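Trainee: Quick one: sequence and predicted model below, then my questions.
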Amino acid sequence: MGIVSAAADMAVALFSLTIAVAAPLIDAQSVLPRHLFPPQLVALKRWYADEFGDYLLVRPPGFLRGLVWLELAFLWPLAVATLYGVLARRRWAATTSLIAGVSTLTSMSAILGEIVGSKKATPKLLQMYVPFAVFAVIAILRGLCSCTPRGTAGSSVGPFARKKRV
């Protein structure tokens, strides 16, 4: 079980790091004025959109703008906290991992539904979005199945629990 847990932790850390970096630097360009970003970042976003055929980033529809605001206001700080929690082996990282996974899977469902439903899904574009859905499922499972040697996560029952004195 230790290898699976370590692999899940590594996947969640990678997922959180990606969101912590990409959300403010790339995704925020969809909702904030372009002059706030260095030309290199604007060029990177343009290159990505051209290379992968990501029509959602070229002309972001209203629902995507809403998801980006949600990502910046809620998911980005949560991803930073989850990254810290996983790397520092904090017990509460299971909760933040679960919340971040559910939020991301919900967003990815809407985005993948649009891409596949519009018939504009190319294999290259799906290669960019599907891993986020997979990472989200791993984050959810990590949050639900986090096992600790002291009992279940959040439980005070276990070998180190204090006994009540009367």
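Mentor: Nice, I can see it. The shown structure was predicted, so the numbers you read here are calculated from the model rather than taken from an experiment.

Trainee: for the protein, what are the low-confidence residue spans?
Mentor: 1, 147-166 (pLDDT under 70).

Trainee: Kindly recompute the last result at 50.
Mentor: 149-159 (pLDDT under 50).

Trainee: all helices in it, in order from the N-terminus.
Mentor: Shown for the chain, the helices assigned by DSSP state H span residues 2-25, 39-52, 55-58, 62-70, 76-87, 93-117, 123-144.

Trainee: Adding distance to residue 31, write those out as TSV.
Mentor: C-beta here means a position set from N, CA and C on the backbone, and glycine is covered the same way. Shown next, in TSV, are those (distance: least, CB to CB, whole Å):
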stretch	distance to residue 31
helix 2-25	11
helix 39-52	12
helix 55-58	11
helix 62-70	5
helix 76-87	13
helix 93-117	14
helix 123-144	18
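
Trainee: these two touch, right, residue 29 and residue 37?
Mentor: Yes - taking contacts as CB atoms under 8 Å, residue 29 lies within contact range of residue 37: 5.7 Å.

Trainee: The residue lying closest to residue 71 once chain neighbours are set aside and residue 144: what is the separation?
Mentor: Spatially, and ignoring its direct neighbours in sequence, residue 71 is nearest to residue 23 (5.2 Å; CB to CB, 6 or more residues apart in numbering). Residue 23 sits at a distance of 24 Å from residue 144 (criterion: CB to CB, to the nearest Å).

Trainee: quick one on the thing from earlier: count of neighbours near the residue nearest to residue 71?
Mentor: For residue 23, the neighbour count with other CB atoms under 10 Å is 18.

Trainee: Go ahead and confirm it touches residue 75.
Mentor: Yes - counting by CB under 8 Å, residue 23 touches residue 75, with 6.9 Å between them.
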